[in-house]
Each structure stands twice: as structure tokens, then as C-alpha cells.
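Student: give me a 3D structure for the following:
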Amino acid sequence: MKTQGGLGRRAGALITAVAAVGAVVALPGPAAALQGRSVPSPGQAGHPGPAAALSGRAAGLRTGTAALPARAAALPGRTAALPGRTAAAGGAIPPYAFDGSAQRVQGAASSSDAVQLRTGQTYRDTLKKNGKVYYRVDLDRQNAYVSVVAVPRAGGEVEYGDGFKVSIQDGSGFECGYQQANFSSSEFARPLAAYARRIIEADSSTCQGAGAYYVLVERESKASTEDWELEIRYASEPLLKKAGPTELPEVWASGTPGPPPGDPRQRQGGSGIHDAISLTQGEWRSDIRPGQTLFYRVPVDWGQQLFTTAELGSSASGDEYIGHALVLSLENPALGHVDEGTVSYSGKPATLALDALRPVAHENRSSSDEATNGMRFAGWYYLSATLNPAMAEEYGDRTVPLTLRVSLRGAAKPGPGYDGDPGRFSVTADDRAAADQGVSGAQAVEADGSLRVVAVAGIGSGTVLLLGLGGWTLLARRRAAA
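Tutor: Next up is the predicted model:
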């Protein structure tokens, strides 16, 4: 969350990790170079900010000096606990954390009036029941993906068939590609993600030309009568310099590996795609409230396999059976839906595992299986975990221990040979460092073409802030004197 990525795809990142660190502070460069805005506070997470261009990945937000005081005040005692928000028992659940730089648009009833979407910008809109809205994208000779995250009101009424569909159409109304998302058997409100794609194919005669195409988002709802908020992103993928393999290997490692080594570490999930918390291989502990959705992201490189399990801890409050107590969903770097799992709960530990997926490979896109097809490129893969609101009725409105176990199997391989910058569709050293440190895109700071995430040991956060502000002041005075 892409536009995009976490620690700045185009900018070089300076990340200094100190094992005995007591806090993490993000220090931007000179004030004159700052171009961003502060990350919205939890109470403002749903409030769209002014339009602002993004670079890197959709999860990356440019943040200015206004964010520093809030960030400093929130610094915890342990580095691992920095990302995310800890949900306290009772009170309101943090709302979905929309990208604060998203531009408000209004989808058109007719394709002729559709507003144009551009790469590198996140958009917000509202979709009504039985709504049907159009947007426009001007495509060249690249693959194109338009993703939509639909956010119903927390606690809102939904049923099995409720959902939405997103598609890309050419000027004649021909569907180039589409995906549908719905609540299935897990009939409680939560964010849903899906994408539409236009792919350049040598043996195809449809949807291949450059020009205007239209994105159609339409509700497929039965019970829900409420509006849904939308978060929209458009990304392009370069073609290959030369054709690569298209046949899937007949034999591949499908066995689920054992649990990752190491002790569980605390890393609270974020409240949206934009502030999804970075994870790497390991065992990660969060606390989740009934009705809450937590978001995470994992960098998965070419040739690597992602294995994920989620476990709900036991409860001393009862033993009532709750069907579909936890839903775990996986989306790819373009925010296309890949896989989903669910598990029931009766007060004892309950574990679900996502299906074993093929290694990330360009040729996976030749498969008709949605899960295999979704593992089509390297980059940040997104996990979201939602706890059934019905848990509050039987076990109380308090947090439940959630453990995610993430395993990556296979060494990273070279990419397929893109004819251009792969952007979000790759994994860099910066991404791996972000995953190690638990840095979310919303917490990364981009200034003056570079990122500086400094792990601080032996000095207080206030000292770091004073040093940073002092440096900016000195630089400003020198420039004024010149």
C-alpha cells in the first residue's frame, strides 16, 4: 500500500539497527525538503487529507515535521512494540486507517464522465448500495492493475452474498479483467480487497491498445443498505525485455514447513493497508478485539514461498462455540485477493493455516487458479486478520491473543527481466530492513530523496528530536546567510 512501498522504492534508505535499542525515531532531512504530511491520528484515520503525490509504494506516506511530536510522544519502551496500536478493552475499535494523502473523487454514473486515475496517487470514494461507478485510466503498453479496498461500517449488517466487483473495460465495454470480493460464510463486516487487471499478451487481440480504459466498481449486496468507503490505487507493471517461461512446474514443494525458529515477538498490527506493520519470518504476537481487523505486510521475493498460520489463544471466560471466529486474508503487492482462511473457536487454542502456495514466479499468471495466479510478482504481500464481533457476546469485549507464524522458504532469485523499473514489484534491501524492524510505510519518512530510520540507543527520544530540529535550524540559517 504500492504507489508505493514501505521504505521508499526510489529513495536510498539509511537504516541503522542497534540490538539494545530502547526506541525508534524517524528523522527527516532538512525542513526545506519536506514534502509530506503527518500521519493521521487514530481518531482521524478515516479523515481524508489533501491530495498529495506518493512515491515508492502505496503503503508509504511522506511525513513532515508535524508528525514528529506525536510520534515522539507515542514512543514505547521496546522497539518491537512501536508499530501499530494496542487495543484496550472496551471503548471504540480504531477505525480503518485510510491513506491520509488520498484524494477525494466521485465515481461517475457514466464512463463518459469518469474522473481519471493516475499512478502514484491513492484515491477515496463512497459506494452506495447497488452503486455502480466508473473511473478512467489512460493505459500504454504496460500491464495495469487497479485495486479497491471496500470498507463497510464496523458492526454493519452484511450477508453471505454481499460484496463488490471491480473490472477494467475497453471503449467497447469488453472486460479485460475483473475480480469479485464478498463475505462468504464469514458474515460480519470487515474490509474487502480486490483488483482488476489489463495484461499485455502477445497472442491476444483484445485490450491490447494504448488509450482510454474504464474501471467499473459495482456493489453486489443483498442485506447491506449502508454506504461503503473505498480506497483505490492504480499501478503499472513493465513488460519483460524478452519472453520468459509460461509453463508451471509440475512438481513443487507443497508441504507446510515447521514453525519458524525463535521466540514469539510482540508486533501489533496496523489498522489499514496504509499502516500495515512489516513482518519477516518468525512468530509474531498481537492482541485483537472482537470486530477488529489488523493488517500486516511481508516482503516475498522471486522464487520464495510464503506460509502463514494464525492462532487464537485460549480463554478462561467460557467455552461457547463461535463459527468463523477468525478470518485471515492474503493480498498480493497489487492488492489482488489471493487466499483466505477461517477457523472456529470454543475457548481452546484454535489455529488456521493458509493453503500452501507456489513460489512467486512470473509464469504463475498463466494459471486459472486464483491463488496461484495471484502469486505473480515479488513485493509486499498483505495479511489481514479479523476477529468475529460475536466473540464479544460470549467471551467479553476484550482482547484475544493472536499469534501469526510466518515462514519463507526458498532463496530469493533474480527477477524475470523487466524492461523498466519494477517499482513495487520487487524486494529491496530497504524492504528487508523494514520487515526486520517492524516499520510500516506510514511510519517511514521520506525527505530530500532519502530515508533515515535511526535506531537510538543510550539517548532519549527528546534529545534526538532536538538534534534533528537543531540541524534543520542551522542549515536554514546558513542558507539565509548565503
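Student: contacts and neighbour counts: CA atoms only from here.
Tutor: OK.
Student: which residues of the stretch 151-300 of the chain score low on pLDDT?
Tutor: Under the criterion of pLDDT under 70, none of the stretch 151-300 of the chain is flagged as low confidence.
Student: which parts of it are strands?
Tutor: Under the criterion DSSP state E, counting those that start in this stretch, the stretch 151-300 of the chain contains strands at 163-169, 175-182, 192-198, 211-219, 228-237, 265-266, 277-278, 282-288, 293-300.
Student: partner strands of the second one, parallel or antiparallel?
Tutor: Same thing as strand 175-182. strand 163-169 (antiparallel) (DSSP bridges).
Student: how far away from the center of its chain is the partner strand?
Tutor: Relative to the chain's own centre, strand 163-169 is displaced by 19 Å; criterion: C-alpha atoms, centre = their mean, to the nearest Å.
Student: and the gap between Gly173 and Gln208?
Tutor: 14 Å (C-alpha to C-alpha, to the nearest Å).
Student: deepest in the core, which of the strands of the stretch 151-300 of the chain is it.
Tutor: Mean neighbours per residue, mean count of other C-alpha atoms under 10 Å, is largest over those for strand 277-278, with a mean of 32.
Student: how far is it from where the chain is centred?
Tutor: For strand 277-278, the distance to the chain centre is 9 Å (C-alpha atoms, centre = their mean).
Student: got it, and stretch 184-197?
Tutor: 14 Å.
Student: next: stretch 239-259.
Tutor: Worked out by C-alpha atoms, centre = their mean, stretch 239-259 lies 24 Å from the chain centre.
Student: so what touches that stretch?
Tutor: 141-143, 200, 307, 356-358, 362-364, 366-367, 405, 407, 416-420 (C-alpha atoms under 8 Å, 6 or more residues apart in numbering).
Student: recalculate using a threshold of 7 Å.
Tutor: Contacts to stretch 239-259, defined as C-alpha atoms under 7 Å, 6 or more residues apart in numbering, come from residues 142-143, 307, 356, 363-364, 366, 405, 416-419.
Student: drop anything exposed from the residues you listed.
Tutor: Among the contacts of stretch 239-259, the ones that count as buried by 16 or more other C-alpha atoms under 10 Å are 142-143, 307, 356, 363-364, 405, 416.
Student: can you tell me which two in the residues you listed are farthest apart?
Tutor: Gln142 and Arg405 (35.7 Å; C-alpha to C-alpha).
Student: okay but Ser221 is in contact with Glu159, surely?
Tutor: No. Counting by C-alpha atoms under 7 Å, no contact exists between Ser221 and Glu159, whose distance comes to 8.1 Å.
Student: hang on, the earlier thing: need the buried ones among the contacts of stretch 239-259 in JSON lines (columns: pLDDT).
Tutor: As requested, the buried ones among the contacts of stretch 239-259 are exported to JSON lines (pLDDT from 0 to 100):
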{"residue": "Gln142", "pLDDT": "95"}
{"residue": "Asn143", "pLDDT": "97"}
{"residue": "Phe307", "pLDDT": "96"}
{"residue": "Ala356", "pLDDT": "94"}
{"residue": "Glu363", "pLDDT": "95"}
{"residue": "Asn364", "pLDDT": "96"}
{"residue": "Arg405", "pLDDT": "96"}
{"residue": "Pro416", "pLDDT": "95"}
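Student: specify which member of those residues is nearest to Ile232.
Tutor: Asn143 (17.1 Å).
Student: roughly how far does the closest one sit from Val115?
Tutor: 20 Å.
Student: on that earlier part again, next, format the strands of the stretch 151-300 of the chain as JSON lines and append distance to Tyr321.
Tutor: Compiled in JSON lines, the strands of the stretch 151-300 of the chain are given as follows (distance: least, C-alpha to C-alpha, whole Å):
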{"stretch": "strand 163-169", "distance to Tyr321": "26"}
{"stretch": "strand 175-182", "distance to Tyr321": "24"}
{"stretch": "strand 192-198", "distance to Tyr321": "25"}
{"stretch": "strand 211-219", "distance to Tyr321": "32"}
{"stretch": "strand 228-237", "distance to Tyr321": "30"}
{"stretch": "strand 265-266", "distance to Tyr321": "28"}
{"stretch": "strand 277-278", "distance to Tyr321": "30"}
{"stretch": "strand 282-288", "distance to Tyr321": "18"}
{"stretch": "strand 293-300", "distance to Tyr321": "21"}
